[in-house]
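Colleague: Return atomic coordinates for the entry below.
(chains A and B)
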Amino acid sequence: MTSFSAIGADREATKEEFTPGVEPQPTWCPGCGDFAVLKALKGAMPDVGRTPEEVLLVTGIGCSGKLSSYFESYGYHSIHGRALPVARAAKLANPGLEVVAAGGDGDGYGIGGNHFMHTARENHDMTYIVFNNEIFGLTKGQTSPTSPKGHKSKTQPSGSAKAPVRPLSLALASGASYIARTAATNPRQAQEILAEAVEHDGFAHIDFLTQCPTWNKDAKEYVPYTDIQQDDEFEFDISNRKEAGEAMYEAETRLAEGEVLTGRFYERERPSYGEEKRATGEMPDDPLAERYFEDGDWERTADSLLDRHT
Amino acid sequence: MIDSSLMWRIAGGSGDGIDSTSQNFAKALMRAGLNVFTHRHYPSRIRGGHTYVEVRAADEPVQSRGDGFNFLLSLGDSFARNPQDEAYYGTEQVKPLVEQFDDLNEGGVILYDSGLLESEMVAETDLEERAAENNWHVYPMNLREIARDHGREVMRNTAGVGATAALLGMDTSYFESLIREAMSGDIMDANLAVLEEAYEQAAALDTDHDLRVPTGEHDSQQAMLSGSNAIAYAALDSGCRFISGYPMTPWTDVFTIMSQNLPRFGGIAEQVEDEIAAAALAIGAAHTGVKAMSGSSGGGFALMSEPLGLAEMTETPIVLVEAMRAGPSTGMPTKTEQGDLEHVLYTSQGDSCRVVVAPGNLREAYDQTRDVFRLAYDYQLPGIVLYDQKLGGEMRSVSTEFFDREPAPDPGSVISEDELADAAHDAAGKYMRYDTNGTDGVVPRSVPGQEGGRFLATGNESMEVGHISEDPDNRTAQMDRRLEKLDAIREELAEADHQTLYGPAEATHGILTWGSNQDTVFEAVDRLRADGYDVHAMGVSDLMPYPKEEVAGFLSGVEECLVVEMNATAQFRGLTQKELGRFGSTMSSLLKYDGETFEPGEIVEGFESNIDGQEPAGNVRLATGD
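Modeller: Numbers count the residues shown, from 1 in each chain, chains lettered A, B, ... in the order given. Model (predicted):
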């Protein structure tokens, strides 16, 4: 008898169950790409058979961080850049949970960049959605880590002297085992990719292009987009890291030139962190969280640790 | 009161086995029936640099390292890289001998390894002159040769212990058993041979000292543990099964003990990329239903500031431990201080809502860490155990019966799925996790995965189900509710009785201290009373919520009070004045911030200097409250 009966519940959920029944209504601007992420996530969860109370959605700070307010599940709206460390511990504590982390490009590639690198490296079985709008939106339009070189803003009045971060390449080098890019303007692909990411057993990173009509561009600038799986120019094996790396480099370079390449860039099975840790005997087989809600004996230091001190 | 004790100091290079030898020495004395206490002094280097450990042993309970020491075993520094060059650091090899002279008491004994510290080298020092002045008894012995002839050169420390035993009239059987328990085969045989040979050679020496090892007997089986052991074991016995951290001296000890033991206790230890992640992981695990902890020393704890505030706002129970070392910045990594009090009380934006407790000794470290876990999980807030390099590193003997406790794995204020079925939800079916009508401010939390428990935890101010809100009435109600928890905790802490009064119930003079100085102060009180002063003392552990009644009661009863702490700006005295709003002219401070712990004699002298209006000698400072 589990104490967490929502986990693995034998029932189908509908898309509507992931929509809060009452306030709050999203405060995103009209035409914001964030709506597309919300919609795709609501669509993907029923597609892969998840129900709201087995999902923990951990978000960062910014417009993207409000995703957890508009998506009906357990939510943890954390602090700027720190969604990943909160999320990955939740997964270790109760591996039965479907853990999704989400945040913006400043959140994930800037202030939280160190956590992004290490969470990908450890290959936690979770999904990480980065709302990449190439700008700091909520703080009113400052240059972000993915803003193109030369981007002018109030904090970079002469134009940014920095080349943007290459998020896909960074994820690959760090160890993510599923890497994709999709766009708000491509809702069908976005929902499919999110469903694949949730199903993937390892760290799935999605760079989600979300236009910010208020500060940098509106949706039409992400159209036309190219799905690299459908384009003859890009025939590559997504399980081959060298070929994947080249495709990513191309996609990142062309985005700065105004060409939008989306799709799956890399997918390769490797043991998740939980599996690796269980293999070394450093993680219990049963969910740790369960133990606190069930009857059972607890070890005492007096029985096992005191002898060495006598 | 202690009137005679052995204060044995072993000194050598880092890497000469000083630490393990001293632990075995102390354990042997404990098994022989004595109470023991150790004090570690080490540099921030892997190898090279000099280290010493003192072992104090007596028939009565030992409260502190004591004043100076009375037996030196100097092994010299076998790792010295430039023994012949008078480089910037001088002659390294002989420093573990000469650098000990200032602390060695009159009539003390020196045993040194003349195999490493050759006679020409020693002749260049002022040993002969100072030995004559101080009536020291000096015994050079070629420990290196004994070790080489009967085992291996690295067994010089075993030879030193064997010779010590002979010079102090000790039975070597306890050392022999320890060697047999820890080793086997040729290594064991060689060590036993070295021990015996050194003992016999030393026993044959022509000696003229009176110092002998005290004799005693224990009523119950004893164990020797460090403060770090006590904190970690209390965490395990509280059902903590998750730790996340990043190495930093001196917190690393607790992190290491937990990491080594958690897997076999069915738990998880995570070494992560930085302390921001460390604190955030503990939050993630605790939110998901596991009892979790993290910790660091000052610099790493600074990185935990923002997650700490997140735990306060989302009411996620976590326990953090902070092992202070001398700051600011990197400061002196292996030296002790109590400079992080204000840092730990107030760091992170907004009003603090946390429990902070600083145990005074090994037993309190265990008891109070358990209390901090209980309060953190019952009241859903961060609990912090504030200690320092001194308490974390010093070992003491204690009855094993003390640890014979039942585990307390209760996850605190958590709702079950059955209870959730009847609990208040909003129209959309979200659980009212932050209902403003909690008891003592506490609303039982649901845990992700529970049917009927979904809610949003957020670092923003929020409504009952977690929706972000800037409504002024809601804001005020939520702040009041969260802070109300501290009132209830204050009452629970009053019952837990963490403040320790020492001496008679009434006295004209008081000494107030906090954290790890406590027992050193108590030893000083014994001596001051023996000298005729009417003085008693209080050791304070609770820092937030502050124990206003107990401390005000203590201060009201004395004419003058000396506040003893290891920092330069009298942080605890300032806190006391702020919390009580009076007693400014009653209190003066005795401060030490040179990286070393107080010796009881320094407190005695500081107390007398304060009364006489004199400046105390050495690296202690008096500061008045006016």
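
Colleague: So which residues of the stretch 51-200 of chain A form helices?
Modeller: A:67-70, A:83-93, A:105, A:113-122, A:167-174, A:187-199 (DSSP state H, counting those that start in this stretch).

Colleague: can I get the ones you listed in a markdown table with mean pLDDT?
Modeller: Formatted as a markdown table, the helices of the stretch 51-200 of chain A follow (pLDDT from 0 to 100):
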| stretch | mean pLDDT |
| --- | --- |
| helix A:67-70 | 96 |
| helix A:83-93 | 98 |
| helix A:105 | 96 |
| helix A:113-122 | 98 |
| helix A:167-174 | 98 |
| helix A:187-199 | 97 |
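
Colleague: for the ones you listed, which one sits closest to B:Ser226?
Modeller: Closest to B:Ser226 of those, according to CB to CB: helix A:83-93, at 27.9 Å. Every C-beta, even on glycine, is put in place using the N, C-alpha and C of the backbone.

Colleague: the inter-axis angle of that closest one versus helix A:113-122?
Modeller: 30 degrees (axes from the mean of the first three to the mean of the last three CA atoms, to 10 degrees).

Colleague: Spatially, which residue comes closest to B:Arg621, not counting chain neighbours?
Modeller: Distances taken as CB to CB, 6 or more residues apart in numbering or on different chains put B:Leu591 closest to B:Arg621, at 4.7 Å, once the chain neighbours are dropped.

Colleague: What lies in contact with the top helix by length along chain B?
Modeller: In chain B, assigned by DSSP state H, the helix with the most residues is helix B:472-496. Outside helix B:472-496, the residues that touch it by CB atoms under 8 Å, 6 or more residues apart in numbering or on different chains are B:312, B:315, B:351, B:353, B:355, B:368, B:371, B:375, B:379-381, B:434, B:436, B:438, B:440-442, B:461-463, B:469, B:542, B:544-545, B:547, B:549-550.

Colleague: In strands, which of the residues you listed fall?
Modeller: Among the contacts of helix B:472-496, the members found in strands (DSSP state E) are B:355, B:542, B:544.

Colleague: on that earlier part again, for the longest helix of chain B, what is the distance to the chain centroid?
Modeller: Centroid displacement of helix B:472-496 relative to its chain, using CA atoms, centre = their mean, to the nearest Å, is 30 Å.

Colleague: Beyond that helix, next helix or strand please.
Modeller: For helix B:472-496, the following helix or strand on the C-terminal side (DSSP states H and E) is strand B:500-502.

Colleague: elements contacting that next one?
Modeller: helix B:518-530, strand B:535-540 (3 or more CB pairs under 8 Å, 6 or more residues apart in numbering or on different chains; DSSP states H and E).

Colleague: Show residues contacting whatever helix or strand B:Val604 lives in.
Modeller: Applying DSSP H and E as the criterion places B:Val604 in helix B:600-612. The contact list for helix B:600-612 (CB under 8 Å, 6+ apart) reads B:63-64, B:66-68, B:509, B:511, B:520-521, B:523-524, B:527-528, B:531, B:533, B:535, B:560, B:562, B:564, B:588, B:590, B:592, B:614-618, B:620, B:622.

Colleague: again, only using 7 Å
Modeller: Helix B:600-612 has contacts (CB atoms under 7 Å, 6 or more residues apart in numbering or on different chains) with B:64, B:66-67, B:511, B:520-521, B:523-524, B:527-528, B:562, B:564, B:588, B:590, B:615-618, B:620, B:622.
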